[in-house]
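J.: predicted model and sequence below, questions to follow.
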Amino acid sequence: QVQLVESGGGLVQAGGSLRLSCVASGRTLSWYVTGWFRQPPGKEREFVAAISRSGGSTDYAGSVKGRFIISRDSAKNTMYLQMNSLRPEDTAVYFCAVDPTSYSVRANAAEYSYWGQGTQVTVSS
């Protein structure tokens, strides 16, 4: 079992930045593909970014590419999402997740078995 706890969400003005953290316990994050997803108000959960087991490969949704950066700190067993140039359409609950079986990054939420409780990000215009 992997327990995941997100933090770092909040209210920010458009153009601002936030860094989300996802602390894991129970297993080592670097053993797995890990990712960030988000669920905007009234919409389905969507892929944001993922990072491979080695950390050498990443993938981003087109809407965040060039603005968001996913990373992992093995010593802290923590994954991060640095979000820059935030837009009102980035408003959502953000979730971190672990894919325990894949070896390459996946954008399909169904591949991920372990999820955090989510952290709210609100971007005002």
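T.: Looks like it arrived, so ask away.
J.: closest to the centroid, which residue in this structure?
T.: The centre of the chain sits closest to residue 36, judged by Cα atoms, centre = their mean, with a distance of 2.2 Å.
J.: how would you label the closest residue to residue 74 other than its chain neighbours: helix, strand or coil?
T.: Nearest non-adjacent residue to residue 74, counting by Cβ to Cβ, 6 or more residues apart in numbering: residue 30, 4.7 Å away. The way it works is simple: take the backbone N, C-alpha and C, and place the C-beta from them, glycine included. Recorded secondary structure, residue 30: helix (DSSP: H, G, I helix; E, B strand; the rest coil).
J.: residue contacts, residue 30?
T.: Neighbouring residues of residue 30 by Cβ atoms under 8 Å, 6 or more residues apart in numbering: 53, 54, 55, 72, 74.
J.: quick check, nearest of these to residue 18?
T.: Nearest to residue 18 out of those is residue 72 (Cβ to Cβ; 17.5 Å).
J.: which residue, neighbours along the chain excluded, lies closest to that closest one?
T.: residue 79 (4.8 Å).
J.: and for residue 4?
T.: residue 116 (3.7 Å).
J.: and that neighbour, how many neighbours?
T.: As a burial measure, residue 116 scores 23 neighbours (other Cβ atoms under 10 Å).
J.: how about residue 14?
T.: 13.
J.: how close does it get to residue 40?
T.: For residue 14, the distance to residue 40 (Cβ to Cβ, to the nearest Å) stands at 15 Å.
J.: tell me the contacts of the residue nearest to residue 72?
T.: 21, 22, 24, 29, 34, 36, 51, 70, 71, 72, 73, 96.
J.: please apply the same query to residue 16.
T.: 86, 123.
J.: so it, which state does it fall into?
T.: Per three-state DSSP, the secondary structure class of residue 16 is coil.
J.: quick one: residue 4 is in a strand?
T.: Yes: if the criterion is three-state DSSP, then residue 4 is within a strand.
J.: next one: phi and psi at residue 115?
T.: phi -130, psi 150 (degrees, to the nearest 10).
J.: okay, and the beta partners of it?
T.: The partner list for residue 115 in beta bridges (DSSP bridges) reads residue 97.
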